[in-house]
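Undergrad: Mind looking at a prediction? Sequence and model below.
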Amino acid sequence: TKVMFSRGNISEKIRFGKLVHENDVVLDMYAGIGYYTLPALIYGKAKHVYACEWNPDAIVALKYNLIQNGVDDRATVIEGDSRLRLKEEKLLKMDVDRVSLGLLPSSEGGWRTAIRLLRKDEKGGWLHIHGNVPTVEKEKWCLWVCQEISKIYLEITSCENGEEVGDNLPFVVCNHLER
């Protein structure tokens, strides 16, 4: 009654764990009880996961799950609204390889923060965006997401650098879409 618990979406949890590489730094902006945090640490062997959660009951379960799986030494739990707490903790300059945005029906409110935290070098990083979209609109939604991510990146880059982006245009691609 206090925490969302779902056995569903297991294929996506497994897939995410396989996508994470050893030594990746991962940000899970909506960690819950560790749906994506744990696969990143256990199967992906992530160097570190920053797991953000604002539900106090989910935080208790998340910390318990990290300890029970022996991966709490490679995780930092950040309590509260990830968009605010990452700023308060002065972590917005951090470079992460992957950001999990597993919030339904939409994680759009966290995109700007997620983009700011992706690696700034030529390697870049990956956003794992979840959303509820009618099946008939999935291709249109993918294009819209790519356009929005590009737009946000360009806004952030020009604001932070105080100059035009020039040749440093983002390369945004929808790599995988799953029903």
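TA: Ah, there it is.
Undergrad: Touching, Tyr43 and Leu19? I think so.
TA: No. With contacts counted by C-beta atoms under 8 Å, Tyr43 stays clear of Leu19, the gap being 9.6 Å. The C-beta positions use only the backbone N, C-alpha and C, and glycine is treated the same way.
Undergrad: Stretch 65-72: how far from the chain's middle?
TA: Relative to its chain's centre, stretch 65-72 lies at 20 Å (C-alpha atoms, centre = their mean, to the nearest Å).
Undergrad: next one: stretch 98-113
TA: Distance, centroid of stretch 98-113 to centroid of chain: 6 Å (C-alpha atoms, centre = their mean).
Undergrad: what does it rub up against?
TA: Stretch 98-113 has contacts (C-beta atoms under 8 Å, 6 or more residues apart in numbering) with 16, 19-20, 24, 26-32, 35-37, 40, 82-83, 86, 92, 114, 117-118, 125-132, 148-149, 152, 156.
Undergrad: and those residues, which are buried?
TA: The neighbour count (16 or more other C-beta atoms under 10 Å) marks 16, 19-20, 24, 26-32, 35-37, 40, 82-83, 86, 114, 117-118, 125-130, 148-149, 152 as buried among those.
Undergrad: can you map out the helices along the chain?
TA: In the chain, the segments counted as helices under DSSP state H are 10-19, 37-42, 56-68, 82-88, 111-117, 138-161.
Undergrad: most packed of the ones you listed?
TA: Neighbour counts (mean count of other C-beta atoms under 10 Å) averaged over each of the helices of the chain peak at helix 37-42, with a mean of 26.
Undergrad: what's across from the nearest residue to Lys63 once chain neighbours are set aside in the sheet?
TA: Nearest residue to Lys63, sequence neighbours excluded (C-beta to C-beta, 6 or more residues apart in numbering): Val77, at 6.0 Å. Taking DSSP bridges as the rule, Val77 bridges to Ala51.
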